[in-house]
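Colleague: Here's a sequence, model it:
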Amino acid sequence: MKSKKETVKELEQTNWFGLSSRDSFTIMKGELLCMARKCKSYEELELSDDFMFAKVMQNKALCKELLELIMGFPIADIVYLEEQKTLDVAANAKSVRMDVYAADENQTIYDIEMQTGKKKHLPKRSRYYQGIIDIDETDKGIEYQSLNKSYVIFICTFDPFDAGRHIYSFENRCIQDLNLELGDGTGKIFLSAVGRQNDVSAEMKAFLEYLSKKTIETDFVHRLDREVQRVRDNQKWRKEYMQRQSDWIEDREEAKEEGKLELLNQYVSGMKAKNISETEIKNNLMDIFALPEEEAENLLQGGKEQ
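Modeller: Predicted structure coming up:
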């Protein structure tokens with residue numbers, strides 16, 4: 001019978017999808033982990049999935065057209081500031097990966113994010129993203145008085161405010177005089193794929209219905225759908241997705257193991273504080289927590305060292 005090491009080596013040397021052996025193994029590993037954890041396979045990805053959305057939006061013409069549709073005015077050109085840019089506020093702060101991070105010919109910055117699954121703190125998330133954009137600009141040497149205009153745009157598969165609208169646009173205004181704009185150059189836009197009101201153009205409604213119902217009613221949506229298929233056929237991106245899924249699953253499993261270890265250490269410390277004998281603690285670790293004898297002994301020894 002082959003050892004685990006021999007089996008892995010054999011799999012690494014097998015060639016699938018016309019890619020290198022290592023790339024093929026990465027894809028297969030990711031697919032097996034996805035099957036085990038019931039996450040989406042690469043072929044199942046749709047435009048509403050952030051990985052797919054980010055790749056489709058690399059098509060500059062489609063990205064520009066979508067921005068024009070959302071903003072309601074023509075855009076001469078866009079420049080990608082970075083594809084799926086990851087921004088870090090500080091070394092110990094939570095990093096943010098932006099789906100689409102681009103600027104138009106007037107240096108107006110757009111962060112477009114796909115949001116699935118109802119999130120309670122979406123408004124606060126938009127505030128966080130806007131702050132990160134400002135920090136990214138000042139880190140490049142831009143003075144605060146020269147900060148570029150910026151918009152955070154969330155495309156939601158749900159209604160973020162449960163008011164039945166397709167679009168919710170926000171900017172800072174004086175509460176006492178709503179005609180008085182703050183003029184800080186920021187805006188937040190939330191789109192809902194399940195809106196019920198007649199508040200957007202037919203073109204925008206067709207785009208949102210493509211997200212929610214998969215219907216194809218306009219030329220723009222048809223081109224989006226074709227691009228989705230093109231992304232699905234891209235083996236390089238397939239590997240990237242599978243690697244990302246593998247890393248995410250493994251990080252999650254590692255965190256669960258760390259949490260389990262912390263819980264077991266607390267259990268051992270608590271039992272010792274109650275003057276329970278080490279023999280009884282060890283037996284409980286083996287019987288109740290199904291730990292091998294060696295692991296149970298290591299936990300006890302660790303408690304002694306502390």
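
Colleague: any weak-confidence spans in the protein?
Modeller: Low-confidence segments of the chain, defined by pLDDT under 70: 1-38, 83-96, 248-259, 303-306.

Colleague: how about 50 then?
Modeller: 1-8, 10-17, 25, 27, 35-37, 91, 305-306 (pLDDT under 50).

Colleague: Point to the residue nearest the middle of it.
Modeller: Nearest residue to the geometric centre of the chain (CA atoms, centre = their mean): Asp50, 6.1 Å.

Colleague: Assign the closest residue to it other than its chain neighbours to helix, strand or coil.
Modeller: Closest residue to Asp50 apart from its sequence neighbours, by CB to CB, 6 or more residues apart in numbering: Met114 at 4.6 Å. C-betas here are computed from N, CA, C, even on glycine. Of the three states, Met114 takes strand under DSSP: H, G, I helix; E, B strand; the rest coil.

Colleague: The one 5 residues further on too?
Modeller: At Lys119 the chain is in coil, as set by three-state DSSP.

Colleague: Spit out the contact partners of it.
Modeller: By CB atoms under 8 Å, 6 or more residues apart in numbering, the residues touching Lys119 are 125, 160.

Colleague: Touching, Ser150 and Gly131? I think so.
Modeller: No - between Ser150 and Gly131 there is no contact under CB atoms under 8 Å: 10.3 Å.

Colleague: quick one: which of those two has more around it?
Modeller: Higher neighbour count among Ser150 and Gly131: Ser150, with 22 against 13, using other CB atoms under 10 Å.

Colleague: list the contacts for that one?
Modeller: Contact analysis of Ser150 by CB under 8 Å, 6+ apart lists 108-111, 130, 133-134, 185-187.

Colleague: 6 Å instead?
Modeller: By CB atoms under 6 Å, 6 or more residues apart in numbering, Ser150 lies in contact with 109, 133, 186.

Colleague: Buried ones from those residues, can you make that a PyMOL selection?
Modeller: Provided next is the PyMOL selection string for whichever of the contacts of Ser150 are buried by 16 or more other CB atoms under 10 Å:
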select buried, resi 109+133+186
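
Colleague: out of the contacts of Ser150, who's nearest Asn234?
Modeller: Nearest to Asn234 out of the contacts of Ser150 is Ile109 (CB to CB; 27.4 Å).

Colleague: Could you measure from that closest one over to Pro74?
Modeller: 18 Å (CB to CB, to the nearest Å).

Colleague: Centre of the chain to stretch 184-201, how far?
Modeller: Stretch 184-201 sits 21 Å away from the centroid of its parent chain (CA atoms, centre = their mean, to the nearest Å).

Colleague: for the stretch of helix or strand Arg125 belongs to, packing partners?
Modeller: Using DSSP states H and E, Arg125 sits within helix 122-139. For helix 122-139, the elements it packs on are strand 150-156, judged by 3 or more CB pairs under 6 Å, 6 or more residues apart in numbering; DSSP states H and E.

Colleague: cutoff 7 Å now
Modeller: strand 109-115, strand 150-156 (3 or more CB pairs under 7 Å, 6 or more residues apart in numbering; DSSP states H and E).

Colleague: mind giving me JSON lines with those strands and columns for distance to Ser169?
Modeller: Converted to JSON lines, the helices and strands packed on helix 122-139 look like this (distance: least, CB to CB, whole Å):
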{"stretch": "strand 109-115", "distance to Ser169": "14"}
{"stretch": "strand 150-156", "distance to Ser169": "9"}
